[in-house]
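Trainee: No sequence on hand, only this structure:
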């Protein structure tokens, strides 16, 4: 009954018109067929598929294979292949071979090669940068892995900066990314599976996991979820992240997006699954809990006391970032008695000539801070430093002198703004910055009572979040067995277990020395 | 996304609501005037009281480098009112901002009003106001409270809240005034078995005060001269069942504070008669420290209840006017004995006075009697208030001298 | 990706129980106890705990015969369809009124001490909205949140009580036996209601991981709470002495009085935050249990949808009494004096019926086979 009503309601509200795709059944049918043995037919088929004369970087080259004395042609995308490789390793042997041989593999000794028959598959390979060789009278096509795309080399991690530990970051080439992980986990059980997730641009996603650790059920849910996606194109991992999340509208992230291979491999070792994509300089770790988003790899690289120290700082920063502005409003507007008399007098004295109520004051400053922050990100780097000066000087000093803002508000905003930088995960960072505004409103509405009510409501909400079936605060609550790496971490010798909420095949990370 | 849209609308609605409403308890803090001290006097009109408010001006003295304001640091208004809660509204006809008792630190009640039998009914309204905290202090002024505030012009502390905070805190630490929070006042008034001491203060100096020993003064009797404020905090007013009945000097107050374990006096500097001096005039200065609680034993059966009080004290001798040699064990013992006797006498005198003159014990001693009874009925039957007057009180001072002062061994060099 | 609702582990269960019952030390219970037996009030929680132990033990023993069944199903099974229904209805009604009046008490406290000019209805609505939202999220999440909070809640309570000891005098607890043994016994048997929540908590058995967890959790929470309420009451007695009689909510007076040194004189808001968080969790759990009762009573499967409407009804009942006085002086004592003894009586009856019916032997035979 309820569902019916809500369905009706939704239907009533849904105003999206229906679009019909122009039919291209011909091509789809064509792709399902196999190639023929007829040279001319193949040539025509592929020329038409790739619209050859118009499509400038599709190169088709016809020639005669000297040894076999048969006609053949290769087709490739010149922008995606290494031309030199094609010249040296494919064309040369085919044209200049003097030793009699019967088979193409005997002539062309290219290291990575395969044969395919299906037109659709061949097309996919060609678009991926392979070179396809068709020989007259052969009903199969030879494919050579000649991909050579230019891109960034492996660089330092920009967004997750740490002091101690590995510095390299993922780049846009998935091959490099996989290599970075493989480099850290030298084990044959590390599986890299691939799955095509979009129909038109055929984006691949790579699932990386340890076969003998990962929970089969979890793997299956993820695979099902991936294959259930029905989209034409998914060009980046960050968009995939939104498709995968259970609550894409939620303020809080439920997947961990990281650009650090060391982090990714650490999670793989715990039994998580990592997703990689071509063209995305990052990886997606799932399932992720609050703790995963809250921790930083440095916590573990530093010695235990130092690691815990920065973790406490971060925890403090979390609270400062979320609550300072709202508590300032709540206390100055509702619970004046809380403030020590001296401070109260000082605040009252500075606010004497400020024309706005303190909530407007705080909101103005918060928005100004966010503006400076966003502007600082977008500004071309040569003039970047000026933004800082403009922000700090003009907005801080001048606003106080102009009696628009009281100095204590500057302190409050600076403190909460600064603290918000300490949360390194970008999604979590946004979540905190946005919740801060909600708390400011609730503080303006009902003081500490409002803040607390929102906090508890928020806590209920956050606790009910799930990331692929894993509760957000696991393993703290609901409790499951783990090495208790939550608010504080222990020495590595004590952290002997993988997190229980993943149900890994092997719980124990380190056996006790006997 | 119709759902997102509706959610957005609801959120927007709430934001707007929160902006526009939410004015019940909300108030900008510069919008209020903070009362630091509240004076209560009898009004000329029957059944009314005269309320005096000491208001602090936040603009003065609290800004660093912000450029001084020409305004005054405080504002004082007095008017007649029915009670001091509704007086907040009345005061607004004079004061531009809304009156708040959030920072109220001290109640100053004139002696005249405190002795009035109606005082308790008026004063118990304190409990009804939610802004008044029970840790504010009650002080009794010799003159009218309205005059007291007017005459009180501290020179060093322009900000009134700071003045009262420091004045009261240090007075209590020295033991010259009692720790008279409202909390203790109500506790004692509710118990009815013991007396309550409130600090005694005045802003009027006596014209020709007698010079007495270090701590025997009452407020106003200390003859301090120079460029200073006339206000003095010393001694205490004694309350029985919430109404003032008598006064104690600074010394007596100090003795009570030593007897009372519930106040926390720090270390007190006192003068004690020198046992080695030829005449009575010479006195030694000593620092008394109370680190342990008193031991109290009672024998309450029988006609005359017996009360044994042991006071453990640590002393530091600070001066040695008769140049006695404390390296000798004999001298030390003499000193110890002498001091113990002195303190015992002081305490016994005070307790005697409380039995005869005050007719009640000025600190929560009856609490210690409670454990000798197993039910409330028995305790009630015993009737502390009456039995106490008959009781024999034995005070024993356990003196431990931790330091005999500097350079005790140096021989006196005359004409050096 | 539908997950079946998780069950409460021992941590979450104990956390819920501690927050639900332990919060009593911070509202008007100590003052009510004091008004009855003066300075021996701190003994009442202990004595009541001893008295209530027997029925609770019997109840849990009876309940353990039926693995994974909640209280209402057991009542219906043992007492028959019709009597069982009436008994369940009575329990539900009592617990409903208790929720209404308790929430009203909290609203009164908030209004009296912290938001003096805000209309009651606004405070009340906000309290109920938050609690209903929490209850709607489900028991497991209530449990999780209480587990996250319980530690801080208790620590702040200890800090508040610890600071209060500076201002208190242990001698105020004497004369030891207060108004006499007879009075003490009489009032402790009437104040069984302090622990009545444990009776209601048996509704949650199907949602707790195992029977053993439930039993263990109940006893841990039971002993702990008995100590906590008793200690808090003792402290308030020592602090306020005889003026406690004139104070309705000693915890709030105490936190207004204490200070963290000279420079932070007023700290009540810090404790208020934790206190109100505890209250939110407490009533979320209560609302959930009441909805559960209602669902069981009228065989409604998706009882979680009832929570908003039940909350509204409780809100309406709670708003009826005009002044806080009516609630504390007339309505609450009514529920309080009735609920505890009645629940104890029901527990004993259940056990007796089970005994007479031979359910225990039956179970034993089953086990031996």
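Mentor: Sure thing, it's come through. Predicted model only: the values in this text are computed from it and were never measured.
Trainee: Residue A:354: helix or strand, and which one exactly?
Mentor: In this structure, residue A:354 sits in neither a helix nor a strand according to DSSP states H and E.
Trainee: That one - how many residues pack around it?
Mentor: Other residues near residue A:354 come to 21 when the count uses other C-beta atoms under 10 Å in any protein chain shown. Yep, even glycine has a C-beta here, placed from its N, CA and C like the rest.
Trainee: go on, the one 3 residues further on?
Mentor: For residue A:357, the count of nearby residues is 19 (other C-beta under 10 Å).
Trainee: Next, find the distance separating the spatially closest residue to it that is not a sequence neighbour from residue A:99.
Mentor: Of all residues not flanking residue A:357 in the chain, residue B:28 sits nearest, at 5.8 Å (C-beta to C-beta, 6 or more residues apart in numbering or on different chains). Distance of residue B:28 to residue A:99, given as C-beta to C-beta, to the nearest Å: 95 Å.
Trainee: neighbour count winner among the two?
Mentor: Each of residue B:28 and residue A:99 has its neighbours counted (other C-beta under 10 Å); residue B:28 has more, 17 against 8.
Trainee: who touches the more buried one in this structure?
Mentor: Residues in contact with residue B:28 (C-beta atoms under 8 Å, 6 or more residues apart in numbering or on different chains) are A:332, A:333, A:351, A:357, A:358.
Trainee: What is the nearest of these to residue C:197?
Mentor: residue A:333 (36.4 Å; C-beta to C-beta).
Trainee: nearest spatial neighbour of residue 208, skipping sequence neighbours?
Mentor: Looking at chain A here, since you left the chain open. Nearest residue to residue A:208, sequence neighbours excluded (C-beta to C-beta, 6+ apart): residue A:274, at 4.4 Å.
Trainee: that's the other chain; I wanted chain C
Mentor: Leaving aside its sequence neighbours, residue C:208 sits nearest to residue C:214 (C-beta to C-beta, 6+ apart; 4.5 Å).
Trainee: and that neighbour, that's in a helix?
Mentor: Yes. Under DSSP: H, G, I helix; E, B strand; the rest coil, residue C:214 sits within a helix.
Trainee: Pull up the pairing partners for the helix or strand where the residue nearest to residue A:208 lies, direction included.
Mentor: Using DSSP H and E, residue A:274 sits in strand A:273-277. Strand A:273-277 has its sheet partners listed here by DSSP bridges as strand A:204-210 (antiparallel), strand A:283-286 (antiparallel).
Trainee: need those in a markdown table with mean neighbour count, can you?
Mentor: Shown next, in a markdown table, are the strands paired with strand A:273-277 (neighbours: other C-beta atoms under 10 Å in any protein chain shown):
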| stretch | mean neighbour count |
| --- | --- |
| strand A:204-210 | 21 |
| strand A:283-286 | 24 |
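Trainee: interface residues of chain B facing chain C?
Mentor: Within chain B, the positions lying close to chain C (C-beta under 8 Å from any C-beta of the partner chain) are B:24-25, B:127, B:130, B:133-135, B:165, B:169, B:183, B:186-187, B:190-191, B:261-262, B:364, B:367-368, B:370-379.
Trainee: Just the ones of these in strands?
Mentor: Of these, none are assigned to strands by DSSP state E.
Trainee: Report how many residues lie close to residue B:12.
Mentor: Neighbours of residue B:12 using other C-beta under 10 Å come to 10.
Trainee: Quick one, grab the pLDDT at it.
Mentor: Note on residue B:12: pLDDT of 76.
Trainee: Quick check: next helix or strand after the host helix or strand of it?
Mentor: Residue B:12 is located in helix B:2-20, with elements delineated by DSSP H and E. The helix or strand immediately downstream of helix B:2-20 is strand B:32-42, counting by DSSP H and E.
Trainee: quick one on the thing from earlier: can you add mean pLDDT and give the strands paired with strand A:273-277 back as a markdown table?
Mentor: A markdown table is the format used below for the strands paired with strand A:273-277 (pLDDT from 0 to 100):
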| stretch | mean pLDDT |
| --- | --- |
| strand A:204-210 | 91 |
| strand A:283-286 | 91 |
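Trainee: Nearest to residue A:488, out of these?
Mentor: Nearest to residue A:488, of all the strands paired with strand A:273-277, is strand A:283-286, at 22.0 Å by C-beta to C-beta.
Trainee: Spell out which parts of chain A neighbour chain C.
Mentor: A:2, A:221, A:225, A:246, A:331, A:334-335, A:337-338, A:340-342, A:446-453, A:455-457, A:459-461, A:463-464, A:466, A:468-469, A:471, A:473, A:476-479.
Trainee: Just the buried ones from those, in PyMOL syntax?
Mentor: To isolate the buried ones among those in PyMOL, judged by 16 or more other C-beta atoms under 10 Å in any protein chain shown, type:
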select buried, chain A and resi 221+331+334+335+337+338+340+341+446+447+448+449+450+451+452+453+455+456+457+459+460+461+463+464+466+468+469+471+473+476+477+478+479
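Trainee: the longest helix in the chain is where?
Mentor: Assuming you mean chain A. helix A:426-464 (DSSP state H).
Trainee: was after chain C, sorry
Mentor: helix C:81-113.
Trainee: Contact residues of the stretch 151-300 of chain C facing chain B?
Mentor: C:167, C:169, C:171-172, C:174-180, C:240-243, C:245-246, C:253, C:256-257, C:259, C:262, C:265-266.
Trainee: Just give me the neighbour total for residue A:278.
Mentor: 19.
Trainee: gap between the nearest residue to residue C:170 once chain neighbours are set aside and residue B:262?
Mentor: In this structure, residue C:170 finds its nearest non-sequential neighbour in residue C:238, 5.6 Å apart by C-beta to C-beta, 6+ apart. From residue C:238 across to residue B:262, the span is 11 Å (C-beta to C-beta).
Trainee: Please identify every residue contacting each of those two.
Mentor: residue C:169.
Trainee: Of these two, which one has the most company?
Mentor: Comparing residue C:238 with residue B:262 by other C-beta under 10 Å, the one with more neighbours is residue C:238, at 21 against 17.
Trainee: low pLDDT regions in the stretch 51-200 of chain B?
Mentor: The model of the stretch 51-200 of chain B has pLDDT under 70 over residues B:61-69.
Trainee: at 80 what do you get?
Mentor: Residue ranges of the stretch 51-200 of chain B with pLDDT under 80: B:58-73, B:128, B:130, B:155-158, B:192.
Trainee: before we move on, back to that, among the contacts of residue B:28, name the ones in helices.
Mentor: Among those, the members found in helices (DSSP H) are A:332, A:333, A:351, A:358.
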